[in-house]
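Trainee: What shape does this take:
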Amino acid sequence: MQKNVIRASSPNPAKFRAKGFHAIVEHAGLISHLDCVQLEALLREAATAANARVLVAHFHDFGDGLGNTGVLMLAESHISIHTWPEDNYAAIDIFVCSDKHSAMEPVEAAIDVLRSADRQGRFFCQIIERAMPGNKSHYNAEALRGINQQNLQHADS
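Mentor: Next up is the predicted model:
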């Protein structure tokens, strides 16, 4: 799986603290063909792997062959999915907030659950460190410019 990590930076590291990590997962494969019941089970498994607590789940089926959308609202933020089975594509969002510096580990654990569900599928993931030190955003402009057409190509792990 190709993974691009965008880290926030701060001119004053003593004041900087990430609030969480946000994964944007592009997927081509089996997951895009799952029904709402299967998607909810998969996302709940991902939430469990991330040690996250599910507060509310809501999923909607757009009709035969038209895809699904769903969200798990977590105490720590959310996991959401939208599928386009006609394009063999699913867009998945995993955001886990934590006061712990190692908050990327739960996000990666959730991604591993997705990968295990479709070992033949293709995944591309961007993980964004979410933070706002002081009153300004100090995201590394070079890292942000690194998200270009080359990075958007799917790659097998």
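Trainee: so what's residue 93 up against?
Mentor: Listed by Cβ atoms under 8 Å, 6 or more residues apart in numbering, the contact set of residue 93 reads 22, 23, 24, 25, 78, 79, 80, 81. For glycine as for every other residue, the C-beta is placed from the backbone atoms N, C-alpha and C.
Trainee: got a list of what the third one touches?
Mentor: Looking back up the chat, that one is residue 24. Taking Cβ under 8 Å, 6+ apart as the test, what residue 24 contacts is 91, 92, 93, 125, 126, 127, 128.
Trainee: can you count the residues close to the last one?
Mentor: Same thing as residue 128. Look at residue 128: counted by other Cβ atoms under 10 Å, it has 22 neighbours.
Trainee: Show me what the strand or helix carrying it is packed against.
Mentor: Taking DSSP states H and E as the definition, one finds residue 128 inside strand 122-130. On a contact count with 3 or more Cβ pairs under 8 Å, 6 or more residues apart in numbering; DSSP states H and E, strand 122-130 meets strand 2-6, strand 20-28, helix 104-117.
Trainee: just the CA coordinates of that strand, formatted as CSV?
Mentor: Output of strand 122-130 as CSV, limited to C-alpha atoms (Å, rounded to 0.1, in the frame of the first residue of the first chain):
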residue,chain,number,x,y,z
ARG,A,122,-5.5,-1.8,-4.1
PHE,A,123,-5.1,0.8,-1.5
PHE,A,124,-3.7,4.3,-1.4
CYS,A,125,-3.6,6.1,1.9
GLN,A,126,-2.7,9.6,3.0
ILE,A,127,-2.3,10.1,6.7
ILE,A,128,-2.6,13.7,7.9
GLU,A,129,-1.4,14.8,11.3
ARG,A,130,-4.1,17.1,12.6
